[in-house]
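[1] what follows is a protein structure lacking sequence information:
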């Protein structure tokens, strides 16, 4: 497990740095199937903490979990024209259901087991879910229907990267049906707000929110809301989306209800999702050249205690104290691990837990025991105090949970400051935009005339896209008057960036 | 939603009764893909409660969650000979990864996207997990490795039944690696014990445990331990299994480690799993002719409050009291729902919640408010008291949580009594066994000579199998001396039954 080679620095090669952290912090591993990954216990522990927090938030807003089939009939996927157009190129297709030995004795798909209609491994579940809703909804009394599913989905990707883009990933997908357009719109923006709260308060990402341009919206949606974070290499990461689907799927899947007026009407749908991609966002937002930096709220281990001893008597004494402190902190709901391995010295242990991003380390040696003190060390320098701090052992139990919450807030503040330092507002000149995008990168705020031609030009020439037309809170005080590309009248401020 | 047609009785048609309950209690629904199902929120709520309890038990025994890919290379599955033999006939195979329009404009799998090697949608994950373990384990210090995964799996089944046998189902699969045979054996039996505790204390199934005969063990295992429950139609349901895999997979996937002695050795593996099938087991163990009967510990709603009123003033008064009682119970961690629908009278509400198996109903009317009383009604007659009981409103808050625990224990006791009443011990005559199996059914305890021929004869002629060679605690006081089939010397007591 111990692997002492220094990490590549972010400066030297951000992408190599990322891949190394993911593997050396034991978040994930490559799998023998191209484009898929294994989420190792430490990475999965982060995901479990994310799931629990989100699940509570979904339930608090009236949603219930359910589970829909992995396999979707091809005829379902093809029903909504834009939808299939968007997904056709990246679908895993099940065509056979049995193996048989060929003439050489090799096991091959049995031709006799060929399915009449291929099955699509779900890339997303709008079609199969709204088909079910059409059987469950009769009257306005059955609405709203507020469902969420935790599931794996598959999108066959050519260029993959762990957590950010893999053929299979884990996510949640919310699917709702409403009696009116206004209620659906309210739901789509409510869930955008839930994601924003989660990604800022739990993941400390410092996201901006807004609406996607028509060219970038979800295939089959009327409107897509998105959350975008800025990574340390100044590339954007889309961290979640919430779609106002209008009546597009309802029409194709005959999702009708009897309104209070007695009239039959099509329901209005929303869908929204976030995925294991957020783990990659956490790595690229907070990590440093020593490894992962985890926000305490999602860290599998919030405090690691490293006992320091030479002789056996010291070992007993120090471990006893470590257990005492650990149990007292656990009673305060702090996730504590004692690293009691005898096969490793304290130094290498420090490096290992730093690489794994544990927010706080506690060192306890024989002299600390005698003085009834502990030495606490935060994972990074921070503005909330000294990185290293000796604490009275009893005071530590009450101080540490507060320190962790302060550190959580510090990480968010740091992300937002970095994002804003790399946000360029009021850019009204295409060459200036080019200089930024091709230089240090970041978010470019500019006017946009609303035409897809201008969007395409930027994509082709600068490999940048409109991340969002920002929500009010993120708009520049001076709203731009002209399109940064063609100089025409601006319809809306746009945030451009290169993205993962 | 309301559907007043009476349920088919268990007596009239047990199988039709089961299917009706699953649908009318809104546990699950058919899906457009043959053999798969939709788990509706109420059914999924039961599964979530099961998951949470099991997950806590797994973690308390030192296991960590992780996630491995859905797709397994065909070459992996074929590596362990018995393993592929067991699963080859029921595999969903992914062969293409893209759609393309054919000459008619119909979307079909793009021949150019055909995979060199088909991918198997995991039927179980031994192969891909032990391949990963082989990279993670170097030394005895890395052992034991104790991993669990919550996942969906696919086994292409020809005859399906909701929850009991569907092409896709949800489960957990534990996978562990150990340095010695004894440690692996200890793990396999430990997890059998965890399942037993869960299935008895949480699901009140009243299972028996034991080891499978070689013919019935998991393909690739040295030994399979199993938990078997007896349904109300006296057919057995296998509720979970724990496998001692020996070194079979370790040899095929090169899972070696350096032992303390310095020698390289193959690791010893175990795997163990339970699935959404348990939901079906709960239905068929506890349900009655009015519908589902849920054990409180896994019931999504433990107490439903039905307010009774005619006039508006009464409605306000009664609902206020209902809220007060609900909140007081919630503070005691009771899951309470208030059914405040104005569109329905109390009677139909009672039927609906009985059909859904809610353990306790509380009725509150204006006279109850005045008298500071509530009327509690258990879902079934029981031995812990009267089914209907008027309670003083303050006393109710402390009494009800205790009642629910008593009712939980009552359900287990009832299951065990029913199972034992349908268990026929000391059967040493084949005709007597035939009369039981072809008559009322149940568990037949008899001697078995250990030969597969005798087992096959019973399977062919009576459609019954050896469910387990029972663990010591379930063995008959007088151990049988001769095989019930051939009359030869008995090697072990066996429990025979027809099964789902």
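    Cool, the structure landed. Since the structure is predicted, the reported quantities are computational estimates derived from the model, not experimental observations.
[2] quick one: the helices in the stretch 201-350 of chain A?
    For the stretch 201-350 of chain A, the helices defined by DSSP state H, counting those that start in this stretch occupy A:248-252, A:277-286, A:312-331, A:346-355.
[3] which helices and strands sit right next to the second one?
    The one in question is helix A:277-286. Contact partners of helix A:277-286 among helices and strands, from 3 or more Cβ pairs under 8 Å, 6 or more residues apart in numbering or on different chains; DSSP states H and E: helix A:14-24, helix A:41-60, strand A:236-246, helix A:393-421. Where you see a C-beta, it was placed from the backbone N, CA and C, and this is true even at glycine.
[4] can I get the ones you listed in JSON lines with distance to residue B:83?
    Formatted as JSON lines, the helices and strands packed on helix A:277-286 follow (distance: least, Cβ to Cβ, whole Å):
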{"stretch": "helix A:14-24", "distance to residue B:83": "29"}
{"stretch": "helix A:41-60", "distance to residue B:83": "25"}
{"stretch": "strand A:236-246", "distance to residue B:83": "40"}
{"stretch": "helix A:393-421", "distance to residue B:83": "46"}
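[5] quick one, which of the ones you listed is nearest to chain B?
    Closest of those to chain B is helix A:41-60, at 3.8 Å (criterion: Cβ to the nearest Cβ).
[6] contacts for the very next helix or strand once past that closest one next, please.
    Using DSSP states H and E, the helix or strand that follows helix A:41-60 in sequence is strand A:64-65. Strand A:64-65 is contacted from outside by A:55, A:58, A:146-150, B:41, B:44-45, B:48, using Cβ atoms under 8 Å, 6 or more residues apart in numbering or on different chains.
[7] show me how to select, in ChimeraX, the buried members of those.
    Buried residues among the contacts of strand A:64-65 (16 or more other Cβ atoms under 10 Å in any protein chain shown), as a ChimeraX selection:
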select /A:55,58,146,147,148,149,150 /B:41,44,45,48
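[8] re the thing from before, closest to residue B:346 out of the helices and strands packed on helix A:277-286?
    Closest of those to residue B:346 is helix A:41-60, at 27.6 Å (criterion: Cβ to Cβ).
[9] show me what that closest one is packed against.
    Counting contacts by 3+ Cβ pairs under 8 Å, 6+ apart, helix A:41-60 is packed against strand A:145-154, strand A:168-178, helix A:181-201, helix A:277-286, strand B:64-65.
[10] show me what contacts whatever residue of the stretch 401-500 of chain A ends up closest to chain B?
    Per Cβ to the nearest Cβ, residue A:500 is where the stretch 401-500 of chain A lies closest to chain B, at 21.1 Å. In this structure, residue A:500 makes contact with A:161, A:164-165, A:231, A:235-238, A:280, judged by Cβ under 8 Å, 6+ apart.
[11] taking those, tell me the two that lie furthest apart.
    Maximum pairwise distance among the contacts of residue A:500 (Cβ to Cβ): 14.8 Å, between A:161 and A:236.
[12] deepest of the helices and strands packed on helix A:41-60, which one?
    Mean neighbour count (mean count of other Cβ atoms under 10 Å in any protein chain shown) peaks for helix A:277-286 among those, with a mean of 25.
[13] per-residue confidence averaged over that one?
    Across helix A:277-286, the average pLDDT comes to 98.
[14] cool, thanks, talk later.
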